[in-house]
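> next one to model:
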Amino acid sequence: MTSIAHLTIETDNGSGREFYTDALALGELVQVQPTAEPSSGFRGFTLGLVTAQPDDVDALMSDALAAGATELKPAAKSLWGYGGVVQAPDGTIVTLASESKKNTGPVTREVSSVVLQLGVADVVGSRRFYEGKGFTVAKSYGRKYAELDTGRISLTLNRRRDLAKNAGVAEDGAGSHRIRIAGSSAFTDPDGYAWVAAD
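Residues are numbered from 1 along each chain as shown. This next block holds a predicted model:
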């Protein structure tokens, strides 16, 4: 299995690590480094955080907003659970969702899984590219969605316009994705997402 060791978010001045470690409780899973590459609009990806229950979503959203995030979609019940969307101070879009629609215990703010959701032009073509790199497909729904088995940080391939719509933003964007994915080798995928070899 090819796995993701961590993600690196690129920011204008390299600041903002505390937002991911403290407000979102992600520890070492997300790093931050400076970049001078321009970026505008939708960067093409979202960072999905899954918790056990709605109260944990509310707690993380509250902490994210207090740390300077902007609410894109308020937390609410949906067909498949409970969740909301915020945009980090650096521009990264973060989706928060619970595994359950009901609270079953005290608030823990614990993130049970992290999902890097990539918006791509061609889900089937991107899936084949990643399979060629040694990735295993865990789930696939034709041209709409594919989930790859990448360890503690899951990776999904989504139609770009669908991902933007789910996040509540326009799909237009230009410049750098402002994310680097640390894995077993360095390469750039068909949509320009950069992978680097993990330390």
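> give me the nearest residue to Pro89, chain neighbours excluded.
Among residues not flanking Pro89 along the chain, Gly68 sits closest, at 4.1 Å (CB to CB, 6 or more residues apart in numbering). Every C-beta, even on glycine, is put in place using the N, C-alpha and C of the backbone.
> I'd like to know how many residues surround that neighbour.
Counted with other CB atoms under 10 Å, residues neighbouring Gly68 total 14.
> same thing with Thr8?
16.
> wait, what's in contact with it?
Val30, Gln31, Val32, Gln33, Ile179, Arg180, Ile181, Ala182, Val196 (CB atoms under 8 Å, 6 or more residues apart in numbering).
> and if you look at Lys73?
Contacts of Lys73 by CB under 8 Å, 6+ apart are Gly84, Val85, Ala167, Gly168.
> now the end-to-end length of stretch 117-135.
15 Å (CA to CA, to the nearest Å).
> check which residues of it are buried.
Within stretch 117-135, the residues that qualify as buried are Gln117, Leu118, Gly119, Val120, Val123, Ser126, Arg127, Phe129, Tyr130, Phe135, counting by 16 or more other CB atoms under 10 Å.
> can you give me the distance of Ala66 to Arg128?
Ala66 is 43 Å from Arg128, where distance means CB to CB, to the nearest Å.
> sorry, back to before: filter the contacts of Lys73 down to the buried ones, ChimeraX style.
The ChimeraX selection below is limited to those of the contacts of Lys73 classed as buried (16+ other CB under 10 Å):
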select :84,85,167
